[in-house]
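> any chance you can model this:
(one chain, ligands or ions: 1)
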Amino acid sequence: MKSGPLLSPTGGLRIGILGGGQLGRMLGLAGIPLGFRFLFLDPAPDACAAVTGDLLEAGFDDREAALELGRQVDVATFDFENVPESSARALSELCPLYPGSNALGASQDRLVEKDLLVSLGARVPLYHEVSSRTDLLDGLERLGYPAVLKTRRFGYDGKGQAVLRDAEDLERAWQKLGDSPLILEAFVPFEAECSLIGVRARDGDTRFWPLTGNVHLDGILALSKPGGFEAGLQAAAERIMTGLMDHLDYTGVLTIEFFLHDGELLFNEFAPRVHNSGHWTIDGAETSQFENHLRAISGLPLGATGLAAPSLMFNWIGQMPPLAGAMEIPGLHWHDYGKQPRPGRKIGHATLTAPSDEALWERAERLARIAGGKFPALLGKLFSEA
Ligand code: AMP
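Just a heads-up that it's a prediction; the model follows:
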């Protein structure tokens with residue numbers, strides 16, 4: 001275990017973060033003006049969050065490193081949910097950890113997660129546990145084609161999953177995924193995808209940002225636009241999240257992703273952390289998800305979560321579009337994570353804000369043309385859902 005230089009205490013709270021990716025970086029960027037200091041634990045020597053604090057360079061399964069983090073900070077949290085629950089539990093014996101390791105555990109297994117949400121009264125797509133080839137055939141008999149086969153653990157951004165449309169897909173997917181515990185889900189022909197981000201303070205005060213419409217490309221989030229959903233859907237999503245927060249005795253930011261199908265919300269998954277579909281809150285909300293997460297875990301009052309301006313976020317995956325052209329668009333807010341570009345890697349995002357929805361669409365079309373690729377077509381999808 002190696003450790004970067006540590007700052008001497010200045011009176012500011014020291015926050016430990018398991019994970020030093022872009023979510024950690026944006027937590028750091030939100031926390032510096034509040035006077036917080038940060039220590040990240042991450043195996044990557046070039047972890048992009050480290051520009052906002054110090055880095056403890058070690059594996060997430062390194063119990064000693066987790067304990068070291070716990071000794072050096074006042075409060076801890078995490079920036080991704082595949083940290084082993086055992087590291088989180090060890091850390092939580094030395095300093096407060098928000099949200100708790102129970103939330104981490106519940107979100108790490110898609111089967112446990114869905115069973116939990118069903119028990120809390122949420123509607124979920126039909127699903128079937130798959131531990132053998134026979135289970136898979138039984139599941140397909142029950143759910144029919146098309147269906148989605150997913151690993152129960154360690155899946156993210158569409159990794160560890162395959163859509164099954166026929167028996168050939170079944171063989172290919174079984175070859176690829178059959179060694180892991182799996183879950184089979186009915187394929188949902190959704191009208192739209194959306195997510196709810198909420199935050200609960202240590203004293204129980206709870207706030208929600210507006211439901212956000214999301215468009216994915218190859219399982220990776222490409223575009224997010226907050227607002228425009230019926231009040232009844234917002235209330236339904238908030239009810240489900242409140243139930244989950246109560247159950248987990250939750251503190252911090254929580255995200256739930258839904259499919260909108262036949263006018264109703266179907267639960268897809270939850271993340272016990274700040275989320276990519278909430279990046280627009282930095283520039284488009286009264287208080288960002290990052291600042292409110294820090295306020296929540298440090299015992300400060302929460303900030304307002306209303307929309308400050310019509311907003312739309314573009315995710316930069318694998319490559320950044322030309323900055324100079326984009327900068328000519330009014331209301332552009334650029335976020336470069338300082339990561340090495342690689343196919344499929346999230347390396348930055350941009351949020352557009354505008355005084356009206358009309359102006360927002362006009363600006364978004366300009367940015368989509370500059371970004372090229374699939375963006376103009378994806379934007380069309382968001383338009384048709386609006
Ligand atoms: P996930 O990692 O489960 O959120 O899946 C990534 C993306 O794949 C989702 O945001 C959807 O676009 C798509 N997807 C996942 N599960 C399903 C499903 N059961 N039906 C339709 N699309 C799905």
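> which stretches of the stretch 151-300 of the chain form helices?
167-177, 231-248, 281-284, 289-298 (DSSP state H, counting those that start in this stretch).
> CSV please, covering these and showing mean neighbour count, mean pLDDT and distance to the ligand.
Heads up, the C-betas are built off the backbone N, CA and C, glycines and all. What follows is the helices of the stretch 151-300 of the chain, written out as CSV (neighbours: other Cβ atoms under 10 Å; pLDDT from 0 to 100; distance: least, Cβ to the nearest ligand atom, whole Å):
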stretch, mean neighbour count, mean pLDDT, distance to the ligand
helix 167-177, 14, 95, 13
helix 231-248, 17, 98, 16
helix 281-284, 25, 98, 19
helix 289-298, 26, 97, 18
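> go through those and name the closest to G31.
helix 289-298 (4.9 Å; Cβ to Cβ).
> following that closest one, which helix or strand comes up?
Next along the chain after helix 289-298, taking DSSP states H and E as the criterion, comes strand 311-317.
> how about residues contacting that next one?
The contact list for strand 311-317, computed with Cβ atoms under 8 Å, 6 or more residues apart in numbering, reads 217, 220-226, 276-277, 279-280, 283-285, 344-353, 360, 364, 367-368, 371, 375, 382.
> buried ones among the residues you listed?
Buried members of these, scored by 16 or more other Cβ atoms under 10 Å, are 217, 220-226, 276-277, 279-280, 283-285, 346-353, 360, 364, 367-368, 371, 375, 382.
> okay, and for the stretch 1-150 of the chain, where does confidence drop off?
Applying pLDDT under 70 to the stretch 1-150 of the chain flags residues 1-11.
> now the helices for it?
Counting by DSSP H, counting those that start in this stretch, the helices of the stretch 1-150 of the chain are 22-31, 63-72, 85-92, 101-107, 110-119, 133-143.
> can you list the residues of the stretch 251-386 of the chain near the ligand?
Counting by Cβ under 6 Å from any ligand atom, the residues of the stretch 251-386 of the chain close to the ligand are E257, N268, E269.
> closest one of those residues to T52?
Nearest member of these to T52, counting by Cβ to Cβ, is E257, at 26.8 Å.
> my guess is that closest one meets A192, correct?
No: assessed by Cβ atoms under 8 Å, E257 is found out of contact with A192, at 11.6 Å.
> so how far is I197 from the residue positioned nearest the centre of the chain?
Geometric centre of the chain, nearest residue: H275, 2.8 Å, by Cα atoms, centre = their mean. Computed with Cβ to Cβ, to the nearest Å, the distance linking H275 and I197 is 6 Å.
> okay, and the common contacts of those two?
Common contacts of H275 and I197 (Cβ under 8 Å, 6+ apart): V253, T255, Q289.
> list the contacts for the first one?
What that stands for is V253. Counting by Cβ under 8 Å, 6+ apart, V253 touches I197, G198, V199, R273, V274, H275, G278, Q289, N292, H293, A296.
> what packs against the host helix or strand of A324?
Assigned by DSSP H and E, A324 belongs to helix 323-327. Where contact means 3 or more Cβ pairs under 8 Å, 6 or more residues apart in numbering; DSSP states H and E, helix 323-327 is packed against strand 332-336, helix 357-371.
> pLDDT score for the spatially closest residue to L379 that is not a sequence neighbour?
Nearest residue to L379 in three dimensions, chain neighbours excluded: A368, at 4.6 Å (Cβ to Cβ, 6 or more residues apart in numbering). Per-residue pLDDT puts A368 at 97.
> my read is that A368 contacts K374, right?
No: using Cβ under 8 Å, A368 is not in contact with K374, being 9.3 Å away.
> show me the shaky parts of the stretch 251-386 of the chain.
Low-confidence segments of the stretch 251-386 of the chain (pLDDT under 70): 383-386.
> what residue in this structure is the furthest from its centre?
T134 (33.4 Å).
> quick one: contacts for that residue?
With Cβ under 8 Å, 6+ apart as the criterion, no residue contacts T134.
> and it, how far from the ligand?
22 Å (Cβ to the nearest ligand atom, to the nearest Å).
> and that residue, how far from Y145?
To Y145, T134 is 18 Å away according to Cβ to Cβ.
> try R345
Distance from R345 to Y145, by Cβ to Cβ: 32 Å.
> again with E362
Applying Cβ to Cβ to E362 and Y145 gives a distance of 41 Å.
> the closest residue to V73 other than its chain neighbours: how many residues sit nearby?
Spatial nearest neighbour of V73, excluding adjacent residues (Cβ to Cβ, 6+ apart): G16 at 3.4 Å. The tally of other residues near G16 (other Cβ atoms under 10 Å) stands at 27.
> which strand residues bridge G16?
L39, A76 (DSSP bridges).
> same check, this time on L184
Beta bridges link L184 to H128, L149, judged by DSSP bridges.
> so which of the helices of the stretch 1-150 of the chain is the most surrounded?
For those, the largest average neighbour count (mean count of other Cβ atoms under 10 Å) is found in helix 22-31, namely a mean of 25.
> elements contacting it?
Here helix 22-31 touches strand 14-18, strand 37-42, helix 289-298, going by 3+ Cβ pairs under 8 Å, 6+ apart.
> relative to F314, how far out is G372?
12 Å.
> likewise G284?
For G284, the distance to F314 equals 13 Å [Cβ to Cβ].
> so what's L23 up against?
If you count contacts by Cβ under 8 Å, 6+ apart, then L23 has A49, D79, F80, R273, V274 around it.
> what sits against the residue nearest to the first one when sequence neighbours are not counted?
To tie it back to what came earlier, the one meant is A49. Nearest non-adjacent residue to A49, counting by Cβ to Cβ, 6+ apart: G24, 3.3 Å away. Taking Cβ under 8 Å, 6+ apart, we find G24 in contact with I17, F38, F40, D42, A47, C48, A49, T52, D79.
> I'd assumed T52 was in contact with the second one.
Yes: shown here, F38 and T52 form a contact pair, counting by Cβ under 8 Å, at 5.7 Å.
> any common contacting residues for the two?
Applying Cβ under 8 Å, 6+ apart, one finds that F38 and T52 are jointly contacted by G24, L27, G28, G31.
> residue contacts, L140?
L140 neighbours (Cβ under 8 Å, 6+ apart): A147, L164, L170, L184.
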